[in-house]
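> how would this look folded up:
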Amino acid sequence: MSSMAERIELTDPQAYIAKLKKLVGNRDGLEVLAETPAALAKLIDGVPAETCRCRPFEGKWTPNEIIGHLIDTEWVFGYRSRTIACDDTPSIYGIDQEKWVNAQHYNEPEASELVATFTALRSLNLRFWKSLTPEQRQRGCQHSERGEETLDSAMTFVPGHDLSHIDQLTRYLAAIETQANQG
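I've put the predicted structure just below:
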């Protein structure tokens, strides 16, 4: 991603959301979310642990850290979606994803352990999300960075977040392999 695109995403949450929604297109969001664990497992299958701990680009995450970020997102969105479904117009706060990734030392475990954790969380969350009534999905919150949004609107861009990071993980693993072959 270019630095200009990164700046736009950081300063314009709506542009970022539009980008994520575009990745999903007309696909069913819950189906996209259900496919992510298998996609992650396939990407790391047979990849050496040290490869997943490599930083292919200065200042960017390792493959393990990308998966760790997806774990963090799963925790956070699972909590947020329950809060929105159960509380009356709650305030939802953004997180500093860099601090979360750094503080949790995601390069220490094996990538397969991280995928297993993500898979377990996603399974729990999917069960909850599929149980929501249309009325619950229309419940709203006040997000500290994005303003008013409903659970239903959030469910339209979270699948794009998955797709974006699957693409990132694919590109990073390819870059690490290219660097290893050149070195």
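> from residue 49, how far out is the residue nearest to residue 33 when sequence neighbours are not counted?
Leaving aside its sequence neighbours, residue 33 sits nearest to residue 159 (Cβ to Cβ, 6 or more residues apart in numbering; 5.3 Å). Using the backbone N, CA and C atoms, a C-beta is placed for each residue, glycine as well. Distance of residue 159 to residue 49, given as Cβ to Cβ, to the nearest Å: 28 Å.
> SS state for the residue nearest the centre of the chain?
Against the mean C-alpha coordinate of the chain, by Cα atoms, centre = their mean, the closest residue is residue 70 at 4.0 Å. Assigned by DSSP: H, G, I helix; E, B strand; the rest coil, the conformation of residue 70 is helix.
> that one contacts residue 162, correct?
Yes - between residue 70 and residue 162 there is a contact at 7.1 Å, judged by Cβ atoms under 8 Å.
> okay, and the common contacts of the two?
Jointly contacting residue 70 and residue 162 under the rule Cβ atoms under 8 Å, 6 or more residues apart in numbering are residue 36.
> quick one: mean pLDDT over the helix ranked longest in the chain.
Counting residues, the longest helix in the chain under DSSP state H turns out to be helix 151-182. The average pLDDT within helix 151-182 is 94.
> could you do stretch 22-35 as well?
Averaging pLDDT along stretch 22-35 yields 95.
> with stretch 102-114 instead?
For stretch 102-114, mean pLDDT rounds to 97.
> list the contacts of that stretch.
For stretch 102-114, contacts defined as Cβ under 8 Å, 6+ apart pick out 41, 44, 47, 49, 52-53, 62-65, 67-69, 71-72.
> 7 Å instead, please
Residues outside stretch 102-114 that contact it (Cβ atoms under 7 Å, 6 or more residues apart in numbering): 44, 47, 49, 52-53, 62-65, 67-68, 71.
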